[in-house]
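Engineer: curious how this folds, go ahead:
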Amino acid sequence: MDEAPIPEEQAGVVRYLKWLVTALTVTMIGGFLVLVTVIVMRFNAVGTVPLPAEIALPPGTQASAITRGPDWLAVVTTDGRILIYDIDGTTLTREIDVRPGG
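Structural biologist: All right, here's what the predicted structure looks like:
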């Protein structure tokens, strides 16, 4: 299909719009590449929260979840308790019973 001739007074606007569309396309492609790069870098990053190699759980206790505070560790057990340890994971400082009626 042949292009219709563009009036001279609109030629500048058409060139500007072509340039604008091209610049926006390049910007979107660049932004997408930066986003993908940041996501890949975050997934490959090593964990930054240090945890002890072992935690001294009471005999017969299994951990369900572990969380770390500024100077303590909390271990949620499968029997409905939360055990609060010093940051080294060896000294039990507090035990909280979270079972219904506990």
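Engineer: how about the closest residue to residue 97 other than its chain neighbours, what does it touch?
Structural biologist: Excluding its sequence neighbours, the residue lying closest to residue 97 (C-beta to C-beta, 6 or more residues apart in numbering) is residue 81, at 5.6 Å. Placement of C-beta: from N, CA and C, glycine included. The neighbours of residue 81, taking C-beta atoms under 8 Å, 6 or more residues apart in numbering as the test, are 61, 95-99.
Engineer: quick check, nearest of those to residue 53?
Structural biologist: For the contacts of residue 81, the minimum distance to residue 53 (C-beta to C-beta) is 17.8 Å, reached by residue 61.
Engineer: still on that earlier bit, now the contacts of residue 81: which count as buried?
Structural biologist: Among the contacts of residue 81, not one is classed as buried by 16 or more other C-beta atoms under 10 Å.
Engineer: out of these, which sit inside helices?
Structural biologist: Among the contacts of residue 81, DSSP state H puts none in helices.
Engineer: wait, doesn't residue 74 sit right on residue 67?
Structural biologist: Yes. Residue 74 lies in contact with residue 67 (C-beta atoms under 8 Å); the separation is 4.9 Å.
Engineer: who has more neighbours out of the two?
Structural biologist: residue 74 (15 against 11; other C-beta atoms under 10 Å).
Engineer: which residues does that one bridge with?
Structural biologist: Here residue 74 sits in beta bridges with residue 67, residue 84, going by DSSP bridges.
Engineer: for it, what are its contacts?
Structural biologist: 66-68, 82-85.
Engineer: and if we set it to 6 Å?
Structural biologist: 67, 82, 84 (C-beta atoms under 6 Å, 6 or more residues apart in numbering).
Engineer: now, among the contacts of residue 81, which is nearest to residue 8?
Structural biologist: Nearest to residue 8 among the contacts of residue 81, with distances taken as C-beta to C-beta, is residue 98, at 79.3 Å.
Engineer: check contacts around that closest one.
Structural biologist: 80, 82.
Engineer: make it 7 Å
Structural biologist: 80-82 (C-beta atoms under 7 Å, 6 or more residues apart in numbering).
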